[in-house]
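> Can you look at this prediction? I've put the sequence above it.
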Amino acid sequence: TCDLSSVVLPPPDPLDLPLRAVELGCTGRWELLNVPGAPESTLPHGLPPCAPDLQQEAEQLFLSSPTWLPLHGVEHSARKWQRKMDPWSLLATLGAPVPSDLQAQRHPTTGQILGYKEVLLENTNLSSTTSLSLRRPPAPISQSLWGNPTQYPFWPGGMDEPTITDLSTREEAEEEIDFEKGEMVPGGTVSIFALLLDHPAPAAGLLSLSRLLEPLDLGGGDEDESEAVGQPGGPRQDTVSASSGSVPLARASSLEDLVLKEAATAVAPPEPPKPPPQEQWAVPVDVTSPVGDFYRLIPQPAFKWAFEPDVFQKQAILHLERHDSVFVAAHTSAGKTVVAEYAIALAQKHMTRTIYTSPIKALSNQKFRDFRNTFGDVGLLTGDVQLHPEAGIQHGAGFCSMLYSGSDVIRDLEWVIFDEVHYINDAERGVVWEEVLIMLPDHVSIILLSATVPNALEFADWIGRLKRRQIYVISTVARPVPLEHYLFTGNSTKTQGELFLLLDSRGAFHTKGYYAAVEAKKERMSKHAQTFGAKQPTHQGGPAQDRGVYLSLLASLRTRAQLPVVVFTFSRGRCDEQASGLTSLDLTTSSEKSEIHLFLQRCLARLRGSDRQLPQVLHMSELLHRGLGVHHSGILPILKEIVEMLFSRGLVKVLFATETFAMGVNMPARTVVFDSMRKHDGSTFRDLLPGEYVQMAGRAGRRGLDPTGTVILLCKGRVPEMADLHRMMMGKPSQLQSQFRLTYTMILNLLRVDALRVEDMMKRSFSEFPSRKDSKAHEQALAELTKKLGALEEPEVTGQLIDLPEYYSWGEELTETRSQIQHRIIESVNGLKSLSAGRVVVVKNQEHHNALGVILQVSSNSTSRVFTALVLCDKPVSEDPRERGPASPDVPYPDDLVGFKLFLPEGPCDHTVAKLQPGDVAAITTKVLRLNGDKILEDFSKRQQPKFKKDPPSAAVTTAVQELLRLAQAHPTGPPTLDPVNDLQLKDVSVVEGGLRARKLEELIRGAQCVHSPRFPAQYLKLRERMQIQKEMERLRFLLSDQSLLLLPEYHQRVEVLRTLGYVDEAGTVKLAGRVACAMSSHELLLTELMFDNALSTLRPEEIAALLSGLVCQSPGDPGDQLPSTLKQGVERVRTVAKRIGEVQAACGLNQTVEEFVGELNFGLVEVVYEWARGMPFSELAGLSGTPEGLVVRCIQRLAEMCRSLRGAARLVGEPVLGAKMETAATLLRRDIVFAASLYTQ
């Protein structure tokens, strides 16, 4: 047959076709003739079949002849298959985990198997959604890398696991079954974890072995252990006491057990000695003495270098071999990477994994390349790239989310290397690192590499206390290549030699060089003034003067062979200006030019055609050909990498860079030049900090190539002040400070897991460390006080003494109220006015108890005022220096408490001159004496000298003393004092209320009965001692409790916000919205709200991407006016949602205003991102906004990450449509130059 339709489109009826088919011969071939009326009968079977029209057929069959439809004969139209009933299938369940196991019992010496016994297994029902233990079964392969936001994390090392006592009390609450003799012994509930983790880390040696065995010991020896510790059938208390290792251990049934038990007993803490020992977690290592027996201790090192390692590197390696955690603080070029490399080699040898985390993506990429060349088996995980995630070494920035999601990678982890740890000072990145350090499980050892920081010991002590293990601090200040610091004042070819040494390689500061530089500058200034009249040259020249300075500087460096040079400039614009200004400069030879050309061709071949013609690419190629480079955040990532690679090959001779270049990207140069010593830190201009200066200056000097590195500071305007220079070059780098703050993601992640509390996390942060580091000592003090309190006898409070406790508390409260009012008076203006010379006051301090005094003169130092006063006192009795003052001021009677029971000298009256702090003035009287203060002081100081000791006091002194004495005798209960409210006009509520309260208390005290009892003094002292101990205990308890945490109020406010928005319920259980917010890394509340408001579901993928750019974009700016209406509405909607969240936060008391919260959104790049997602080439994109290309790229990369995390969240909620849209959006964004793969990973 033939498919007629392919010849001509057929009219409806086949017989109308103007064709005839004719058979040719007997072979069965036939031909179509386009001749009407040819014989039809030549075909034996008539015409070939032709399918009727489906629509007609359907109409004929079903509509025009309904009789054909089998309306009643159901059995033909619907067939049924009979189901066999199988009720048993409903009862089949998965087998429960096996509760017990058989264990061989062996002969201890021969090892012969004597028999078997059944042992109960523990932890058989663990799963990744119910347990934090490492013994839970692994998750499916697909989730092994990133984990799953619904899984629990592993138990963080250093936190106390619930101890045996907790467990047994919990069990007692649950089970009270009794089989044999009235109590049930928990079968094998003593986890060996409890034994190993409750004690501080012991000496190395034993524990290192047990630590290695412990994760491997998967329920083999534990049960035996628990039986050995708490003898079966023994009462439950045994197990507790035994955990401190006091019970002799039974015979062990396997080698592991023996080792573990010995370790467990060895680490049992001895009886705590009486003085609280200062815990030392950070151990400084001496790097001055050489390590002679290095090769004897490590005969087969895991890694060999081409060079001999330095002393500090050898020390670090020795500790790594012992599986210790180390903190290495050294200058950038000193070779800290050696330590990281050795750890990686060790991990490869042990078949474990290492994670290397660095704060900067560029650094991660660079290290990835280095490590991959060295080790081969390396993976890279950053926000936007994932290469070989299954490899043994990983670079991860997403490490924090892996920890929270309980990723299985962490089981195999042996080392985590934190590079550039001084970045913990960075507000963005610091908090993540603190979270990671707190959440790391116990089996992971930590390696911290940092620039030199002054408080390395304190920081290491924090980590050690946190993880309960010693951290070995290895810090070295020596630079492999010493630096010389110069000032440069030249600005033309004539003055290009004006280079003045300021700080030599030994660290001596040369003032001579400084003055020479000032002179040179001055001389030129004066010449300038002579030639051009009196006009002073401007302080900061324009680009033309800059060019002169740089041309002369580079000419001078070139003649002295000091290229390559890095010029640090503190603004992106200036970088570009300076590089573009040097059009006449050409620093490369022709062979270097061809090498640069080929390298550029090779790298740019990855970009698509139009991207190769980007203005920035062309401009940069032109600069690179001449040996100049520019490196800052506005440059496209691929160009930045090209510049870095050419620079490290020595082909870029002059690099203009911003501060970011100095951060860890290890690209040393021969010389470093500072364009100026002031930078803008986001809010103001300020001088460079010593730490920043050292970090950047440290780029000078290449190890093995240069004998010294040169650092040059340009003086374009005036020469900076010497004090500023000295502080910047010689000052201490900034301390490591905690940037820990609460984030909603962290709170939700921890609320998700019952066993972990946010308070525990806050307690362990570096910011709380100073207040927490004495907690052990506090605990001991508390225990001792409790003991002491138990030993005290109860005071009698019966009969007449019934109101003794009240009397005590009234007295305390009165004293407290009075001192508060007095404090207020002294702070007030009127109060200070009244305290002038001549005023009579009541003095109460260590020496004087309510003695009258008169102020002679008032002097004030920086913090507070000091009053010099003449005070009454007893004549000191020469032979018997007994206690001065009243006989027993210890037991206060009502007269002592109410008013001021003035001190009256018992024998002859004497006087002294005392300097009083404001707190020593107990009351200000209404009396003022007329006296000459200076005369009295002169007389008194004269009589202090030995030869005038016996002189009688002058008339001025005696009159003053007489007056005071008369006053004291006239008013024994205290002279009339100034009333704070009426006389001093203090209308403060607290003062008025305090005054009323004080009067009420005085009445109560006057009416007390207990003072009439003869036993009152003795009982009062007993009570007071008791109360003071209790008060001290309260204070210690508060310090140890969560209530003293600095961040606690904020935590409660944030939980309140989450509750109001419905992310957690009243009981603190995380609800669906909360689960979604856990999956986001930033702006978690805003994204979740947008998702649950369905604000995104209706938009197209490119519109969603454009709107979300407002959350990641960093450069401020308004969206353009020519946005499509959907986007304008979208932007408004996002702002409204943000405003709503901001209002909830403000209502819950967080100190962030609604404007600040909404102000975090920058919709400057909405249009750019929208056009990019719609497929506009990058070359046209650059014209849409004034934002530098590099920042646009960074924004789009972050956006793609955000789309990925939203996609995961949408899947969690079960919104496949939104999930698919986010996937599309991410794909639309990931193209061309923005996602050109990093050159380092190729």
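That came in fine, so what should we check first?

> my guess is residue 595 meets residue 651, correct?
Yes: in terms of CB atoms under 8 Å, residue 595 counts as a neighbour of residue 651; the distance is 6.4 Å. Every C-beta, even on glycine, is put in place using the N, C-alpha and C of the backbone.

> Same drill for these two, tell me which one is more crowded.
The neighbour comparison of residue 595 against residue 651 (other CB atoms under 10 Å) goes to residue 651, with 21 against 15.

> Please name the residues that touch the more buried one.
Residue 651 is in contact with 588, 592, 595, 596, 599, 624, 627, counting by CB atoms under 8 Å, 6 or more residues apart in numbering.

> ok, of those residues, which come out buried?
By neighbour count, with 16 or more other CB atoms under 10 Å, the contacts of residue 651 hold 588, 592, 596, 599, 624, 627 as buried.

> Give me the secondary structure label for the third one.
When the structure is split into helix, strand and coil by DSSP: H, G, I helix; E, B strand; the rest coil, residue 596 lands in helix.

> Now do the same contact list for it.
With CB under 8 Å, 6+ apart, residue 596 has these contacts: 588, 624, 625, 646, 651.

> what does residue 336 give?
Contacts for residue 336 (CB under 8 Å, 6+ apart) come out as 328, 330, 419, 449.

> Okay, it and residue 449: tell me how far apart.
Residue 336 is 4 Å from residue 449, where distance means CB to CB, to the nearest Å.

> The closest residue to residue 752 other than its chain neighbours: neighbour count?
Spatially, and ignoring its direct neighbours in sequence, residue 752 is nearest to residue 1070 (4.9 Å; CB to CB, 6 or more residues apart in numbering). Residue neighbour count, defined by other CB under 10 Å, stands at 20 for residue 1070.

> surely residue 1070 meets residue 747?
No: Residue 1070 is not in contact with residue 747 according to CB under 8 Å; the separation is 9.5 Å.

> thinking again about what came up before, among the contacts of residue 336, which are in strands?
Cross-referencing the contacts of residue 336 against strands under DSSP state E gives 328, 449.

> top of the contacts of residue 336 by neighbour count?
Counting neighbours by other CB under 10 Å, residue 328 leads the contacts of residue 336 with 28 neighbours.

> Just grab the bridge partners of that residue for me.
Beta bridges link residue 328 to residue 449, residue 474 when assigned by DSSP bridges.

> now residue 840
On the basis of DSSP bridges, residue 840 takes part in beta bridges with residue 854.

> Next, find the distance separating it from residue 856.
For residue 840, the distance to residue 856 (CB to CB) stands at 12 Å.

> again, but for residue 365
Distance of residue 365 to residue 856, given as CB to CB: 74 Å.

> Residue 781: which element?
If you go by DSSP states H and E, residue 781 is part of helix 775-791.

> Take that helix, keep the C-alpha atoms, and write them as CSV.
Written as CSV, here are the backbone C-alpha positions of helix 775-791 (Å, rounded to 0.1, in the frame of the first residue of the first chain):
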residue,chain,number,x,y,z
SER,A,775,32.1,28.4,86.6
LYS,A,776,34.0,25.4,88.0
ALA,A,777,35.4,27.5,90.8
HIS,A,778,31.9,29.0,91.4
GLU,A,779,30.5,25.5,91.6
GLN,A,780,33.1,24.5,94.2
ALA,A,781,32.5,27.6,96.2
LEU,A,782,28.8,26.9,96.1
ALA,A,783,29.3,23.4,97.4
GLU,A,784,31.5,24.6,100.2
LEU,A,785,29.0,27.2,101.3
THR,A,786,26.3,24.7,101.2
LYS,A,787,28.4,22.5,103.5
LYS,A,788,29.1,25.4,105.8
LEU,A,789,25.4,26.4,105.9
GLY,A,790,24.5,22.9,106.9
ALA,A,791,27.0,23.0,109.8
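
> for that helix, packing partners?
When contacts are defined as 3 or more CB pairs under 8 Å, 6 or more residues apart in numbering; DSSP states H and E, helix 775-791 sits against helix 1016-1040.

> Residues touching the helix it packs on, excluding its own?
For helix 1016-1040, contacts defined as CB under 8 Å, 6+ apart pick out 771, 775, 778-779, 781-782, 785-786, 788-789, 792-797, 801, 804-805, 807-808, 812, 888, 890-891, 1010, 1013, 1044.

> And the strands in the stretch 701-850 of the chain?
With DSSP state E, counting those that start in this stretch, the ranges of strands along the stretch 701-850 of the chain come out as 709-714, 839-843.

> scratch that, the stretch 901-1050 of the chain
Secondary structure of the stretch 901-1050 of the chain (DSSP E, counting those that start in this stretch): strands at 909-916, 921-928.

> So which bits of the first one are buried?
The neighbour-count criterion (16+ other CB under 10 Å) identifies 909, 911, 913, 914, 916 as the buried residues of strand 909-916.

> next one: stretch 304-315
For stretch 304-315, the neighbour count (16+ other CB under 10 Å) marks 309, 310, 311, 312, 313, 314, 315 as buried.

> now, which of the residues you listed lie within helices?
Taking DSSP state H as the definition of helices, the buried residues of stretch 304-315 contribute 311, 312, 313, 314, 315.

> Excluding sequence neighbours, find me the nearest residue to the fourth one.
Closest residue to residue 314 in three dimensions, ignoring its sequence neighbours and counting by CB to CB, 6+ apart: residue 291, at 4.2 Å.

> Next up, the contacts around that neighbour.
Contact partners of residue 291, counting by CB under 8 Å, 6+ apart, are 311, 314, 315, 318.

> and which of those residues is nearest to residue 453?
Using CB to CB, residue 315 is the member of the contacts of residue 291 that sits closest to residue 453, with 18.3 Å.

> sorry, back to before: who touches both of residue 336 and residue 449?
When contacts are counted by CB under 8 Å, 6+ apart, residue 336 and residue 449 have 328, 419 as shared neighbours.

> Adding mean pLDDT and distance to residue 703, write the strands of the stretch 901-1050 of the chain out as JSON lines.
JSON lines is the format used below for the strands of the stretch 901-1050 of the chain (pLDDT from 0 to 100; distance: least, CB to CB, whole Å):
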{"stretch": "strand 909-916", "mean pLDDT": "78", "distance to residue 703": "60"}
{"stretch": "strand 921-928", "mean pLDDT": "79", "distance to residue 703": "66"}
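
> Of these, which is nearest residue 848?
Using CB to CB, the nearest of the strands of the stretch 901-1050 of the chain to residue 848 is strand 909-916, at 7.3 Å.

> For that closest one, name the packing helices and strands.
The contact analysis (3+ CB pairs under 8 Å, 6+ apart) places strand 909-916 against strand 839-843, strand 851-860, strand 865-874, helix 933-944, helix 955-970.

> could you dump these to a markdown table with distance to residue 406?
What follows is the helices and strands packed on strand 909-916, written out as a markdown table (distance: least, CB to CB, whole Å):
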| stretch | distance to residue 406 |
| --- | --- |
| strand 839-843 | 66 |
| strand 851-860 | 61 |
| strand 865-874 | 61 |
| helix 933-944 | 75 |
| helix 955-970 | 76 |
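
> out of these, deepest packed?
Mean neighbours per residue, mean count of other CB atoms under 10 Å, is largest over the helices and strands packed on strand 909-916 for strand 839-843, with a mean of 23.

> can you state the direction angle for that strand and helix 955-970?
60 degrees (axes from the mean of the first three to the mean of the last three CA atoms, to 10 degrees).

> Tell me which other helices or strands strand 839-843 touches.
In terms of contacts (3+ CB pairs under 8 Å, 6+ apart), strand 839-843 is packed against strand 851-860, strand 865-874, strand 909-916, strand 921-928.

> sorry, back to before: quick check, the residue nearest to residue 314 in a helix?
No: per three-state DSSP, residue 291 lies outside any helix segment and is coil.

> per-domain residue ranges of this protein.
282-476, 483-527+541-730, 803-876+893-1008, 1080-1234 (the TED database).

> helices and strands of this structure: which one has the lowest mean pLDDT?
None of the helices or strands of the chain scores lower by mean pLDDT, DSSP states H and E than helix 192-197, at a mean of 30.

> Could you give the average pLDDT over stretch 643-654?
Averaged over stretch 643-654, pLDDT sits at 84.
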